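# Need a 3D model of the following:
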Amino acid sequence: MTEKSVGYRSPLYLQLREVIRGKIESGEYPPGTCIPSESALSKIYGIHRLSVRSAISALEYEGLLRSVQGKGVFVIGGKDERDLETIGGFKQTMQMLGRTPSTKVIIKALRPAGPCYAQSLGVEAEALVNYIKRVCYSDGDAYSLEEIYIPQSVIPTLPDIDLGLFSIYEIYEFYGIQVTRVDQSLEVTQLDPIEARLLDIDPSSPVLKFQSVSCDQNGRIIEYARTYTRGDRCSFNVHYSEDRNSKRV
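Now for the predicted structure:
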């Protein structure tokens, strides 16, 4: 072992486990990113691959790592509990409905906020934001088209995170971000032919356009999003209750 170990007589896999844990806690291995492969770790630390595998398995058991066949081992990080009945992302909402959610990322890039999105996100016009455009599927059928803008300062490592493996809300949880407020507007609109094709609908078909601004537990704006949902795939309910302390006039 070339790194400082936790104890001279500790088994090698336990020493490596603590080294990897330390890199996760220090942020060298950020949540949502892939750690070096077994063979790479074996060469770096001069130990057998079986010891490396045992160290990774121990951290998987603790919930710090997740192995994805054919892609590698990813850092999970800590999670905070969230009330999914009031605020949730696409994945959580579909799972609550008993559906199988999936997404396809069309665009994922860093871009300047510009005057329009700077105002929506509360950042400078030249500040960089993560722009994500993706199609969301429910049970394999196109459901909605999302455009999401997240300031780079909120999740600096987002460009390195595979959005096919982790939902936006899971990534927020990795970084201790709780979405506590969402201001949302709704209108009925139509898509241009290219975007309508992504949702497998005719361009003349109406879609529900949601615009939302999300804030975290500190009141910081963390996301601006536009979501175009197929009108033939969903309906939305709004529940009102009377404030007993208020008076009718």
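# Let me see the ranges of the strands in the chain.
65-68, 72-75, 101-112, 128-138, 141-151, 179-189, 207-216, 221-230 (DSSP state E).
# Please name the bridge partners of residue 138.
Per DSSP bridges, the residues bridged to residue 138 are residue 101, residue 141.
# Would you check that my belief about it contacting residue 94 is correct?
Yes: between residue 138 and residue 94 there is a contact under CB atoms under 8 Å: 5.5 Å. Glycine gets a C-beta too; all of them are placed from N, C-alpha and C.
# what sits in contact with each of those two?
Common neighbours of residue 138 and residue 94 (criterion: CB atoms under 8 Å, 6 or more residues apart in numbering): 100-101.
# quick one, domains of the chain?
12-75, 90-230 (automatic domain parsing).
# How far away from the center of its chain is the last one?
A distance of 10 Å separates the centroid of the chain from that of domain 90-230, by CA atoms, centre = their mean, to the nearest Å.
# cool, the shortest one as well?
The chain centroid and the centroid of domain 12-75 are separated by 22 Å, computed with CA atoms, centre = their mean.
# Mean pLDDT and mean neighbour count for the domains of the chain - can I get that in CSV?
Formatted as CSV, the entries for the domains of the chain read as follows, by pLDDT from 0 to 100; neighbours: other CB atoms under 10 Å:
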stretch, mean pLDDT, mean neighbour count
domain 12-75, 92, 17
domain 90-230, 92, 16
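# Who are the packing partners of the longest helix seen in the chain?
In the chain, with assignment by DSSP state H, the single longest helix is helix 12-26. When contacts are defined as 3 or more CB pairs under 8 Å, 6 or more residues apart in numbering; DSSP states H and E, helix 12-26 packs onto helix 38-45, helix 49-61.
# Dump those to a markdown table, plus distance to residue 198.
As requested, these are exported to a markdown table (distance: least, CB to CB, whole Å):
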| stretch | distance to residue 198 |
| --- | --- |
| helix 38-45 | 38 |
| helix 49-61 | 36 |
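# Relative to residue 108, which of those helices is closest?
For the helices and strands packed on helix 12-26, the distance to residue 108 is smallest for helix 38-45, at 25.4 Å, taking CB to CB.
# Tabulate the CA atom coordinates of the closest one in PDB.
Extracted in PDB, the C-alpha atoms of helix 38-45 (Å, rounded to 0.1, in the frame of the first residue of the first chain):
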ATOM      1  CA  GLU A  38     -10.200  -3.000 -10.100                       C
ATOM      2  CA  SER A  39      -7.100  -3.500 -12.200                       C
ATOM      3  CA  ALA A  40      -6.100   0.100 -11.900                       C
ATOM      4  CA  LEU A  41      -6.500   0.000  -8.100                       C
ATOM      5  CA  SER A  42      -4.500  -3.200  -8.000                       C
ATOM      6  CA  LYS A  43      -1.600  -1.600  -9.900                       C
ATOM      7  CA  ILE A  44      -1.800   1.700  -7.900                       C
ATOM      8  CA  TYR A  45      -1.600   0.000  -4.500                       C
END
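# Brilliant, that's me finished.
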